[in-house]
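Asker: Build me a structure from this.
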Amino acid sequence: LSATIDPGTNGLVIPNFYNFSNNLGPISATNSLTRQRSFALYADFMFNFQRELFLEVTGRNDWSSTLPDGRNSYFYPGANASWVFTERLQSGTFKEKVLNYGKVRLGAGGVGNSPTPYANNSAGFTQSAISSGFGSVIPPVNGVPAYQVQNVFGNNNLKPEQTHEMEVGTDLSFFKDRIAASFTYYNILTRNLITMVPTAPSSGFTSNYVNVGDITNRGIEVSLRGTPISTRYGLKWDLFGTYTRNKNNVVSLNGNVDHVVLGGFDGMNVVAAVGRPFGTFYAADIQYVIHNGKFAVLVDQATGLPIATKKPIYAGSYQPKFQASWGTDLSYKGLKLHALFTTKQGNQFYSRNKMVMDFTGTSEATTVNNREKYVWANSVYQVANTNILQTNTTKFSPYTYYTTTEQQSLPGQGIVNGSYVRLQELALSYKIPQKYYSRSPFGGLEAGLFGTNLLLWTAESNKYDDPEATSSGATGNAQGFNYTARPSVRNYGFFVKVNF
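Answerer: Sure, this is the predicted structure:
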């Protein structure tokens with residue numbers, strides 16, 4: 001239970017006297033109570049033979065109160081096996097100096113998931129401010145209460161979400177651990193994915209929970225680590241990196257549909273579409289036609305302005321084609337320099353800041369031709385009442401395009417390349433030799449300086465935002481939307497570590 005006195009709707013009778021009795025109007029209070037019951041049975045069997053063969057078998061069954069009766073139980077098994085094949089090698093030069101460690105592994109398993117509490121219930125009631133053009137009123141008014149039906153309704157036909165995964169990989173170490181490598185291939189199938197989707201406003205609600213469909217994730221994960229320099233004088237140089245490539249695909253959608261709208265802003269929708277990655281952008285954009293065997297922009301003959309597509313078109317996905325990291329540690333007698341770079345490539349995001357900068361004339365694109373009228377490059381117009389295309393010579397007004405046409409008809413122009421390379425971490429530290437405090441209670445002393453998110457290199461088309469700065473966080477259906485989100489933060493600091 002929480003309550004506040006809102007100065008915007010009522011305020012205080014006596015200034016600076018903060019007491020719930022000292023208010024000009026109703027107190028805004030909320031009372032939230034969420035109940036969920038779940039329990040599970042879990043079994044685990046592990047076996048190893050001479051530290052060479054390993055086997056683990058697991059099984060778990062969950063029961064959840066957030067699922068309807070009859071579908072509130074779900075079981076998911078798992079098994080992992082590995083073989084450390086270097087245990088079969090005879091001790092000698094090859095094992096000790098070339099291949100120090102080698103393992104192959106195979107795993108298969110799954111995990112279940114239930115919806116959030118009350119996702120399978122009918123909509124409840126809420127009491128909130130009633131807004132109008134003349135202000136807002138908080139019930140009760142003159143002792144008369146007022147309640148509204150919540151804008152999200154549940155689904156009593158929800159099924160448990162289940163994910164099945166298979167992976168195979170290997171771990172290798174060479175030259176007395178100077179080089180280490182790991183490789184994994186995985187294949188993941190998620191069935192009956194539970195998510196909240198928008199509904200038609202005419203229904204009286206804004207969204208509801210559904211089992212949206214089946215999704216696959218296939219990819220590889222690679223990690224490498226090497227030590228090119230390691231001397232007995234204390235100088236050591238480590239290099240390390242990772243690479244992940246994931247292919248996400250919507251296999252099928254429930255309800256015999258080919259796409260489901262997951263969310264969106266300003267005419268830009270995030271969609272789950274069959275055959276596309278989960279989380280793709282669809283919106284109206286500039287219409288292209290084939291003219292003389294090449295793509296050309298279709299414009300209005302009278303104004304020279306581009307014509308929008310008649311229906312939303314595919315505009316990319318917030319899912320990257322791959323992501324990677326690489327870094328280094330350089331140390332010498334307790335002094336250590338650490339650096340880490342990260343990257344994501346091949347993804348897109350929607351930039352509200354781009355649209356605003358275009359509207360206000362502060363983006364670089366609005367300065368073309370000194371803001372004077374010019375002919376849209378590679379543009380054609382369609383002769384009235386025919387299918388004939390002619391080369392366009394009509395100059396368009398940049399002012400009209402950026403303040404009206406783009407803002408009202410072309411939300412697809414807000415899509416920006418989200419690829420980037422970032423200096424994620426940089427640190428310099430010193431570990432004080434233990435001989436200086438051997439008689440103290442301290443087991444280790446270390447101090448240093450660090451910085452995070454220090455430098456960012458973006459795609460040439462992205463002069464607007466940090467691609468990782470989103471309005472809805474790193475999870476959820478509205479990823480990839482920078483709707484004037486807060487700028488990302490660059491951090492500097494120092495640290496002291498003390499071990500006892």
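
Asker: in this structure, what residue sits furthest out from the centroid?
Answerer: R439 (50.0 Å; Cα atoms, centre = their mean).

Asker: for it, helix, strand, or coil?
Answerer: Recorded secondary structure, R439: coil (DSSP: H, G, I helix; E, B strand; the rest coil).

Asker: surely G154 meets P117?
Answerer: No - if you go by Cβ atoms under 8 Å, G154 and P117 don't touch, sitting 9.8 Å apart. Every C-beta, even on glycine, is put in place using the N, C-alpha and C of the backbone.

Asker: In terms of neighbours, single out the busier of those two.
Answerer: For G154 versus P117, neighbours defined as other Cβ atoms under 10 Å are more numerous around G154 (21 against 15).

Asker: quick one: the more buried one from G124, how far?
Answerer: For G154, the distance to G124 (Cβ to Cβ, to the nearest Å) stands at 9 Å.

Asker: between those two, what contacts are shared?
Answerer: Shared contacts of G154 and G124, defined by Cβ atoms under 8 Å, 6 or more residues apart in numbering, are found at Y118.

Asker: which helices and strands does the longest helix along the chain pack with?
Answerer: Assignment by DSSP state H gives helix 352-360 as the longest helix of the chain. Contact here means 3 or more Cβ pairs under 8 Å, 6 or more residues apart in numbering; DSSP states H and E; on that basis helix 352-360 packs against helix 406-409, strand 481-482.

Asker: would you turn those into TSV with mean pLDDT?
Answerer: Conversion of the helices and strands packed on helix 352-360 to TSV gives the following (pLDDT from 0 to 100):
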stretch	mean pLDDT
helix 406-409	95
strand 481-482	87
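
Asker: Relative to A43, which of these is closest?
Answerer: Go through the helices and strands packed on helix 352-360 one by one with Cβ to Cβ and the one that ends up closest to A43 is strand 481-482, at 42.9 Å.

Asker: Can you list the strands that the closest one pairs with?
Answerer: strand 348-351 (parallel) (DSSP bridges).

Asker: what's in contact with the strand it pairs with?
Answerer: Residues from elsewhere that reach strand 348-351 (Cβ under 8 Å, 6+ apart): 265, 268, 281, 315-318, 414-418, 462, 464-465, 467, 470, 480-483.

Asker: all strands in the stretch 1-150 of the chain, in order from the N-terminus.
Answerer: Assigned by DSSP state E, counting those that start in this stretch, the strands in the stretch 1-150 of the chain fall at 2-4, 28-30, 38-49, 53-64, 73-83, 99-113, 125-126, 130-132, 135-137, 148-149.

Asker: Out of those strands, which gets nearest to F17?
Answerer: When the strands of the stretch 1-150 of the chain are ranked by proximity to F17, the top entry is strand 2-4, at 15.5 Å, counting by Cβ to Cβ.

Asker: any idea of the mean pLDDT for that closest one?
Answerer: Per-residue confidence for strand 2-4 averages out to 55 on the pLDDT scale.

Asker: Check stretch 229-239 too.
Answerer: The pLDDT scores in stretch 229-239 average 93.

Asker: Can you pull out the low-pLDDT segments for the stretch 1-150 of the chain?
Answerer: Residues of the stretch 1-150 of the chain meeting the criterion pLDDT under 70: 1-11, 25-31.

Asker: K344 against Y420, yeah?
Answerer: Yes - in this structure, K344 is within contact of Y420 by Cβ under 8 Å, at 6.2 Å.

Asker: Could you name every residue contacting both of those two?
Answerer: Between them, K344 and Y420 have P467 as joint contacts when contacts are counted by Cβ under 8 Å, 6+ apart.

Asker: thinking again about what came up before, output the helices and strands packed on helix 352-360 as CSV; include the columns distance to S73.
Answerer: Conversion of the helices and strands packed on helix 352-360 to CSV gives the following (distance: least, Cβ to Cβ, whole Å):
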stretch, distance to S73
helix 406-409, 51
strand 481-482, 37
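
Asker: Adding distance to L67 and mean neighbour count, write these out as TSV.
Answerer: Putting these into TSV (distance: least, Cβ to Cβ, whole Å; neighbours: other Cβ atoms under 10 Å) gives the following:
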stretch	distance to L67	mean neighbour count
helix 406-409	44	18
strand 481-482	30	24
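
Asker: Could you report the pLDDT at T393?
Answerer: Per-residue confidence for T393 comes out at a pLDDT of 95.

Asker: show me the contacts for it.
Answerer: Listed by Cβ under 8 Å, 6+ apart, the contact partners of T393 are V375.

Asker: tell me the phi and psi of it?
Answerer: Recorded main-chain torsions at T393 are phi -130, psi 0, according to degrees, to the nearest 10.

Asker: Of the helices and strands packed on helix 352-360, which is nearest V261?
Answerer: When the helices and strands packed on helix 352-360 are compared (using Cβ to Cβ), the closest one is strand 481-482, at 13.6 Å.

Asker: what's the closest one in contact with?
Answerer: Among residues not part of strand 481-482, those counted as contacts by Cβ under 8 Å, 6+ apart are 264-265, 268, 270, 349-353, 464-465, 467, 469-472.

Asker: Buried ones among these?
Answerer: A residue is treated as buried here by neighbour count (16 or more other Cβ atoms under 10 Å); on that basis the buried members of these are 264-265, 268, 270, 349-353, 464-465, 467, 470-472.

Asker: and which of the residues you listed is nearest to Y381?
Answerer: If you rank the buried ones among the contacts of strand 481-482 by distance to Y381 using Cβ to Cβ, M268 comes first, at 26.9 Å.

Asker: Tell me what the closest one is bridged to.
Answerer: With beta bridges defined as DSSP bridges, M268 has these partners: F265.

Asker: Now do it against L410, distance only.
Answerer: Using Cβ to Cβ, we find M268 at a distance of 10 Å from L410.

Asker: start to end distance for stretch 351-370?
Answerer: From its first residue to its last, stretch 351-370 covers 24 Å (Cα to Cα, to the nearest Å).

Asker: In it, which residues are buried?
Answerer: 351-355, 357-358, 363, 365-366.

Asker: again, but for stretch 406-426
Answerer: Judged by neighbour count (16+ other Cβ under 10 Å), stretch 406-426 contains these buried residues: 406-407, 409-426.

Asker: Stretch 281-289 now?
Answerer: If you call a residue buried by 16+ other Cβ under 10 Å, then stretch 281-289 has these buried ones: 281-289.

Asker: Among these, which are located in strands?
Answerer: Judged by DSSP state E, strands contain the following of the buried residues of stretch 281-289: 281-283, 288-289.
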